[in-house]
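Q: can't give you the sequence, but here's the structure:
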C-alpha cells in the first residue's frame with residue numbers, strides 16, 4: 001500500500017486526474033477516493049492540482065482571445081459579460097400535442113431587464 005506522501009505526489013503529477021494518479025500507484029479509483037476522503041493532505045493536493053489546471057486553461061483562453069479566436073471570444077462574453085447583454089438562453093414551450101419546441105433567443109446587447 002502506497003504512503004500518503006505518494007498519493008500526494010501522484011495526484012499532483014496527474015494534475016488532479018484521479019484515474020491517472022490511481023493507475024500510477026496501481027490502486028483502484030475507489031481506493032484513491034477513500035484516501036482522499038481520509039487524508040486532508042491528499043484532498044488539498046487534489047484541490048490544488050485542479051485549481052492549477054483551471055489557471056492554465058484560463059491562460060490559454062486569454063491567449064486565444066488575444067489571437068482573435070471567435071469561439072473563445074464568444075465563450076468568454078457569454079459566461080463573463082452577461083451584465084453587458086451577452087446572454088444566450090433557451091426557451092422551452094410545449095404544444096398541445098405534447099411536443100417540446102426549443103427556441104434559441106438572441107437578446108440584443110441594448111435590451112433591458114424591465
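A: It's in. Since this is a predicted model, take the numbers as computed values, not measurements.
Q: end-to-end on stretch 75-91?
A: 20 Å (CA to CA, to the nearest Å).
Q: poorly predicted segments of the chain, please.
A: The model of the chain has pLDDT under 70 over residues 93-101, 107-114.
Q: now the residue nearest the centre of it: how far from residue 12?
A: For the chain, the residue nearest the mean C-alpha position is residue 54 (7.6 Å; CA atoms, centre = their mean). In this view, residue 54 and residue 12 are 15 Å apart by CB to CB, to the nearest Å. All C-beta atoms are positioned from the backbone trio N, CA, C, and that covers glycine.
Q: now do residue 87
A: In terms of CB to CB, residue 87 sits 38 Å off from residue 12.
Q: same question for residue 59.
A: As for residue 59, its distance to residue 12 is 19 Å (criterion: CB to CB).
Q: who's more crowded, these two?
A: Each of residue 59 and residue 12 has its neighbours counted (other CB atoms under 10 Å); residue 12 has more, 16 against 10.
Q: does the more buried one belong to a helix, a strand or coil?
A: Classification of residue 12 by DSSP: H, G, I helix; E, B strand; the rest coil places it in helix.
Q: please name the residues that touch it.
A: Contacts for residue 12 (CB atoms under 8 Å, 6 or more residues apart in numbering) come out as 45, 48, 49.
Q: tell me, how many residues neighbour the last one?
A: To tie it back to what came earlier, the one meant is residue 49. Neighbour count for residue 49, taken as other CB under 10 Å: 20.
Q: that one against residue 20, yeah?
A: No. Taking contacts as CB atoms under 8 Å, residue 49 lies outside contact range of residue 20: 10.7 Å.
Q: tell me the secondary structure at residue 27.
A: Under three-state DSSP, the three-state class of residue 27 is coil.
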